[in-house]
Structures are given as structure tokens and as C-alpha cells.
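A.B. asks: here you go, sequence then predicted model.
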Amino acid sequence: MAIRLLLLFIVLPIVELMLLIKIGGVIGFLPTIALVIITAFVGSQLVRRQGLTVLARIRESQARGEVPTLPLLDGAALLFAGFMLLTPGFITDICGFVLLIPGLRERLARGLVSKVVVMTPGGMAGGRYAGRGAARGRSDSVIEGDYRRTDGTAPSDETAERIERNDRS
């Protein structure tokens, strides 16, 4: 994990700067700056449009009473794509534009969901269908309640006292 952070915060900016200098030497300073600004503008407009679509999907999922897991992850990927596109540099721009591909974002989201364990109020559930019963107000794992024996055997003293208290209330 520490190596990945090192690459992200130290090595990537150095590589981006070297690439900007190389491209600036080939096409010139002003065209390089213009290209960085244009990619940021175009990318932000694409992120905005796709973000509105994702927001509509989130609202539709909520209206159906479902947890909008995939649309929320889609929105998070779009947020990261926007961050990448606004960061000056060509490598980050390429990564940001790649994240704007809807099919790729969906595959990434499904991959993340399959690896996540979801904690629900009734306990722990994992995997693809985790939390579906709890999201609809059902819990299939625990049933609470009192009982009375009908087979003629007497319940223990403690159980009998509890049943009597419940009958009084």
C-alpha cells in the first residue's frame, strides 16, 4: 500500500512533468498549455453530463426501494475521473477519459461489489446479494418471539414467569 501511495504522489507528478516538458519541446509551450486546458474543459463537461445521468439512475433506484449501490459507485468513479481530468498532465487525462467509458465503470463497480462484505442490522452478510432482505425490511436469519408448549410438558420456571409477565401486559 505504501508503495502505491509513493507512486501516486511522488513518481506520477514527476513523470507527468517530464512528459509535459517533452511534449512542450515538440509542439511548443502555448499549444501544450492549450491542450491541457482543452482536455480539462472537455473532460469536465463530459463528467457533468454523465453525472446527471448517474444521478437520475440513483433516484430511480431509490424510488423502487432498492439500495443504489452500482449507481453510487458509478458516481464515485465519475468523481475520480473529474479529478484526474482537472489535474494537469497527459497520463492523468488519459486515465480520466478511460473512466468516462460507461461499460468500464460498470465492470469496475461490479468487481468492487463482489469483493465487499456488507454489514446489515441483522448481522453480517457478504457477497453479491448482501443486504437485500434487510433493505426491504426483512431479515431471514433471526426470528424473535415467545412460545407456549402444546405437547403437555411444562415449560421451565423461568419461561413460565416470562409468559405470565407478557400475558399481563
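C.D. replies: Yes, it's here.
A.B. asks: C-terminal to the helix or strand that contains residue 3, what's the next element?
C.D. replies: According to DSSP states H and E, residue 3 maps onto helix 2-6. Next in sequence after helix 2-6, counting helices and strands by DSSP H and E, comes helix 12-27.
A.B. asks: so what secondary structure elements neighbour that following helix?
C.D. replies: helix 29-63, helix 90-99 (3 or more Cβ pairs under 8 Å, 6 or more residues apart in numbering; DSSP states H and E). To be clear about C-beta, it is placed using only N, CA and C from the backbone, and glycine gets the same treatment.
A.B. asks: most packed of the ones you listed?
C.D. replies: Stretch with highest mean neighbour count among these: helix 90-99 (a mean of 18; mean count of other Cβ atoms under 10 Å).
A.B. asks: can I get that one as PDB, trimmed to CA atoms?
C.D. replies: Output in PDB follows, covering the C-alpha atoms of helix 90-99 (Å, rounded to 0.1, in the frame of the first residue of the first chain):
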ATOM      1  CA  PHE A  90      -1.500  13.800 -20.100                       C
ATOM      2  CA  ILE A  91      -1.300  10.500 -18.100                       C
ATOM      3  CA  THR A  92      -4.000  11.600 -15.700                       C
ATOM      4  CA  ASP A  93      -6.000  12.900 -18.600                       C
ATOM      5  CA  ILE A  94      -5.900   9.500 -20.300                       C
ATOM      6  CA  CYS A  95      -6.900   7.700 -17.100                       C
ATOM      7  CA  GLY A  96      -9.700  10.200 -16.600                       C
ATOM      8  CA  PHE A  97     -11.000   9.700 -20.200                       C
ATOM      9  CA  VAL A  98     -10.800   6.000 -19.700                       C
ATOM     10  CA  LEU A  99     -13.000   6.200 -16.600                       C
END
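A.B. asks: now that helix and helix 29-63, what's the angle there?
C.D. replies: Using axes from the mean of the first three to the mean of the last three Cα atoms, to 10 degrees, one finds that helix 90-99 and helix 29-63 are set 30 degrees apart in direction.
A.B. asks: which residue would you name as the spatial centre of the protein?
C.D. replies: In the chain, the residue lying closest to the centroid (Cα atoms, centre = their mean) is residue 73, at 3.1 Å.
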